[in-house]
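Undergrad: Just the structure for this:
(chains A and B)
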2 protein chains.
Amino acid sequence: MTATTPKATNIVWHEASVDRQARASQRGHSSSILWFTGLSGSGKSTLANAVNAALFERGLATYVLDGDNIRHGLCKDLGFSDADREENIRRIGEVAKLFLDAGVIVLTAFVSPFRADRDKARALVADGDFLEIHCAADLAVCESRDPKGLYAKARAGQIKEFTGISSPYEAPEKPELCLDTGAQNLEQCVAAVINLLEERGVLKAAA
Amino acid sequence: MTATTPKATNIVWHEASVDRQARASQRGHSSSILWFTGLSGSGKSTLANAVNAALFERGLATYVLDGDNIRHGLCKDLGFSDADREENIRRIGEVAKLFLDAGVIVLTAFVSPFRADRDKARALVADGDFLEIHCAADLAVCESRDPKGLYAKARAGQIKEFTGISSPYEAPEKPELCLDTGAQNLEQCVAAVINLLEERGVLKAAA
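TA: Got it, this is the predicted structure:
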């Protein structure tokens, strides 16, 4: 790192870099993107946070990206136009990729209604690193829950282009997991996600 | 998580969330943003990656954000206009904040020449969570290294608004650490950064 040995700088850089595989070896688990998608009220955040907590109890490196930490921060400049929704999902996909690279099991919980946008996020990473989980509670169930009062506002015309009411939700055609989050209880859904992580070799199966 | 108990969803959400403090307790170290700033060729990436490797050897959760994983991904839509440079640093600050929240010691290695932009990134997080490290190698040293040939191009007028040549570098006024990365060797610099992390209580001092 002296002025006379500029080339050494590059060598040090590469020697010093810590890659995803090194992190996985040290931590005893691989990383993954768990992409939860579904209607508002379908239980995405609830399920993502419950899975996150279950993995944390095992001592694993995990993180949840959701509206709470994205919409007021990284994507606070974006609204709800088609272009902004697309850019929102693009950035989330890129951030999820960074966490994946950092060896973290990252769980994203966004409606992400458009198939093309989800497929672009999937295409950012290698096959098998993107696990799409469809929280497929019926619209009627989601609307009856209406935890944020958004369906009521959408029905009253106070929110335009609300997914499921006035804007389409394009269900995944081949999700890695489809859960009826209207009928199955939370414990069952958490178990199914963890089972998926074990099947895919992200986690070792519990003894 | 049934349609008849919508309120329970919120309760589960809060119970299930895993916060930064819980992660720190489990991991035995806190998190921090180490913001390396300095001229091109000043050794930011080299130093950030060397610190990252040293922390990794201790088994800590760390990650480096730099041009390699940001400019071609999250910020690939941005150029080098003043507005785009500002937005670039804004996004990096927001992503660093997410890693901080995830319990990761995150190291950012960008020229980040403008004081106002760095101060905005600092203002995103609590006092003490943002540690600014000035890689203060002299311009002459950086230019003599010129590892990417950028200074030569800037001098030839092939790159406009190149920091240090045709665009200003605003040095930090009160960085948490200022290192003469032109004179001190890499080991000294790594030791100084780790010492800072120990002083600030992010790491426990090695026995």
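Undergrad: The closest residue to A:Glu176 other than its chain neighbours is in what secondary structure piece?
TA: Nearest residue to A:Glu176 in three dimensions, chain neighbours excluded: A:Leu131, at 4.3 Å (Cβ to Cβ, 6 or more residues apart in numbering or on different chains). Quick note: C-beta positions are derived from backbone N, CA and C, even for glycine. Taking DSSP states H and E as the criterion, A:Leu131 maps to strand A:130-135.
Undergrad: For that strand, list the C-alpha coordinates in PDB.
TA: Output of strand A:130-135 as PDB, limited to C-alpha atoms (Å, rounded to 0.1, in the frame of the first residue of the first chain):
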ATOM      1  CA  PHE A 130     -34.700 -17.100  -4.900                       C
ATOM      2  CA  LEU A 131     -37.500 -18.900  -3.100                       C
ATOM      3  CA  GLU A 132     -40.900 -17.500  -4.000                       C
ATOM      4  CA  ILE A 133     -43.600 -18.000  -1.300                       C
ATOM      5  CA  HIS A 134     -47.100 -17.200  -2.300                       C
ATOM      6  CA  CYS A 135     -49.300 -16.200   0.700                       C
END
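Undergrad: Partner strands of it and their direction?
TA: strand A:32-37 (parallel), strand A:177-179 (parallel) (DSSP bridges).
Undergrad: The longest one: how far from the chain's middle?
TA: Averaging C-alpha coordinates over strand A:32-37 and over its chain gives two centres that are 4 Å apart (Cα atoms, centre = their mean, to the nearest Å).
Undergrad: for the record, mean pLDDT for that strand?
TA: The average pLDDT within strand A:32-37 is 98.
Undergrad: right, and the helix or strand after that strand?
TA: Sequence order places helix A:44-57 as the next helix or strand after strand A:32-37, per DSSP H and E.
Undergrad: helices or strands up against the longest helix belonging to chain A?
TA: Secondary structure of chain A read by DSSP state H shows that its longest helix is helix A:82-101. When contacts are defined as 3 or more Cβ pairs under 8 Å, 6 or more residues apart in numbering or on different chains; DSSP states H and E, helix A:82-101 packs onto strand A:32-37, strand A:62-66, helix A:67-70, strand A:105-109, helix A:115-123, strand B:62-66, helix B:82-101.
Undergrad: I would like the residues contacting it, please.
TA: A:20, A:31-33, A:35, A:63, A:65, A:70-71, A:74-75, A:78, A:106, A:108, A:110, A:112-114, A:117-118, A:120-121, A:124-125, A:129, B:63, B:65, B:69, B:73-74, B:77, B:91, B:95, B:98-99, B:102 (Cβ atoms under 8 Å, 6 or more residues apart in numbering or on different chains).
Undergrad: swap the cut-off to 7 Å and go again
TA: By Cβ atoms under 7 Å, 6 or more residues apart in numbering or on different chains, the list of residues contacting helix A:82-101 from outside reads A:20, A:31-33, A:63, A:65, A:70, A:74-75, A:78, A:106, A:108, A:110, A:112, A:117, A:120-121, A:124-125, A:129, B:69, B:73-74, B:95, B:98.
Undergrad: Please produce a PyMOL select command covering the buried subset of those residues.
TA: Command for PyMOL, covering only those of the contacts of helix A:82-101 found buried under the criterion 16 or more other Cβ atoms under 10 Å in any protein chain shown:
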select buried, (chain A and resi 31+32+33+63+65+70+74+75+78+106+108+110+112+117+121+124+125+129) or (chain B and resi 69+73+74+95+98)
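Undergrad: sorry, back to before: list the buried ones in the longest helix of chain A?
TA: Buried-residue list, helix A:82-101, by 16+ other Cβ under 10 Å: A:85, A:87-101.
Undergrad: Next one: the most centrally placed residue in chain A, what pLDDT does it get?
TA: Chain A has A:Thr108 as the residue nearest its centroid, 2.0 Å off, counting by Cα atoms, centre = their mean. If you check A:Thr108, the pLDDT there is 98.
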